[in-house]
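In: The sequence and its predicted three-dimensional model are supplied below.
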Amino acid sequence: MPLRDHFRPPFSEVRSWEEVHGGWPMVIVQHLAKTLPPEYAAGPHVHLGPEVEIDVATFESPSQTAVGTFYSPPDEGGIATAVWAPAEPTLAVETELSDFDEYEVRVYDTRRGRSLVAAIELISPSNKDRPEHRSQFTSKCAMLLRQGVSLVLVDVVTSRNVNLYADLLALIGRSDRLLGTQPLATYAVACRWRERERSRWLETWYLEVKPGLQLPCLPLWLTEDLAIPLDLEVSYEQTCRDLRIA
C-alpha cells in the first residue's frame, strides 16, 4: 500500500500525524525483533519537547536566599554574613531554550552495556519548523554519526518544505548529487561514518519517498560488517492497520 499524506485531508481528518508518529516506533521495534541477532535489543523513544513544561515554582522554597547573593554558613552566633554578590548580567533577553519532538527507535548492543549502535529518526514538523530546531536536530545527527552510531532518517512530513538530510550534509561541508537543486521534502536515508584505510568516510543510502508510493527498505548497520534490512513499508502498513487507517 502507498504512503498516505497524514498532514492534509482526508487522512488528517481520520487520524492525526502525532498518532502515526507515536505508534510507528513501537511497530518498528516489533519487526526488528524478528531479524535482530540475539545480542541486540531495540526500543522506542518518544519525547514531546514543546508539550512538557517544568513548573519552577514547585522547586522554590520560601527560605531561599535572594537571587544573585551568596551567603556563608551561620557562625556560632547564628548570624549569616554576605560574602559576595555578582554584578548585573551583561545580557538579559527574553527567549526559550530550543526543544523539539523526538520519535525514534534505538538499537543497543547488550554485550557492551547497552551501547547504542543505531538510531532510526522519524522526523516531525517541529524538527523542521525553525532554523534553531533544524540546527539542533542536524547537530544531534552529526554527533551520533561521530560516535559510530548508524543513522536512518525517515521524513514523511509534507507540511514543511525542508530537507534535513541536505542540512546535515551542509553542516559537514558536503553535498549529494541525488538531492538536485531543490531537494524533495520527503525521503528516507541510511547513514554511517566508517573507516577506510587511514581516513573516515560518510556513507549514505538515499531514496526519495512520496505520498502514493511505497516506502523503501534500507540497511540498518549494527557493526561495520553487519546490516539488517529495515523494511519501512511493512512497519508503516502495520501501524496504519492498527490505527484503522484505510
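Out: Done, it's in. Everything numeric here is computed off the predicted structure, so don't read it as measured data.
In: CA atoms for contacts and neighbours, from now on please.
Out: OK.
In: what number of residues lie near A142?
Out: 18 (other CA atoms under 10 Å).
In: cool, E197 as well?
Out: Counted with other CA under 10 Å, E197 comes out at 7.
In: Next: the one 5 residues further on.
Out: L202 is surrounded by 13 other residues when neighbours are defined as other CA under 10 Å.
In: Same question for P86.
Out: 9.
In: So it, which state does it fall into?
Out: Three-state assignment for P86 (DSSP: H, G, I helix; E, B strand; the rest coil): coil.
In: Look up how far S115 lies from it.
Out: 42 Å (CA to CA, to the nearest Å).
In: What segments of this protein are helices?
Out: 17-32, 125-128, 131-146, 164-171, 232-242 (DSSP state H).
In: Pipe those into JSON lines and attach mean pLDDT per row.
Out: Converted to JSON lines, the helices of the chain look like this (pLDDT from 0 to 100):
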{"stretch": "helix 17-32", "mean pLDDT": "95"}
{"stretch": "helix 125-128", "mean pLDDT": "93"}
{"stretch": "helix 131-146", "mean pLDDT": "93"}
{"stretch": "helix 164-171", "mean pLDDT": "96"}
{"stretch": "helix 232-242", "mean pLDDT": "96"}
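In: Tell me which of these is the most buried.
Out: Highest mean neighbour count among the helices of the chain (mean count of other CA atoms under 10 Å): helix 125-128, with a mean of 21.
In: wait, what's in contact with the spatially most central residue of the chain?
Out: In the chain, the residue lying closest to the centroid (CA atoms, centre = their mean) is E102, at 4.5 Å. Counting by CA atoms under 8 Å, 6 or more residues apart in numbering, E102 touches 45-49, 121-124.
In: I figured G148 hits V117, correct?
Out: Yes. Counting by CA atoms under 8 Å, V117 is a contact partner of G148 at 7.0 Å.
In: Show me the shaky parts of this structure.
Out: Scanning the chain for pLDDT under 70 picks out 49-83, 93-100.
In: Can you show me the strands along it?
Out: Using DSSP state E, the strands of the chain run over residues 40-47, 70-71, 82-84, 102-109, 115-122, 150-155, 187-196, 199-208, 217-221, 227-231.
In: what is the orientation angle of the fourth one with helix 131-146?
Out: The one in question is strand 102-109. 10 degrees (axes from the mean of the first three to the mean of the last three CA atoms, to 10 degrees).
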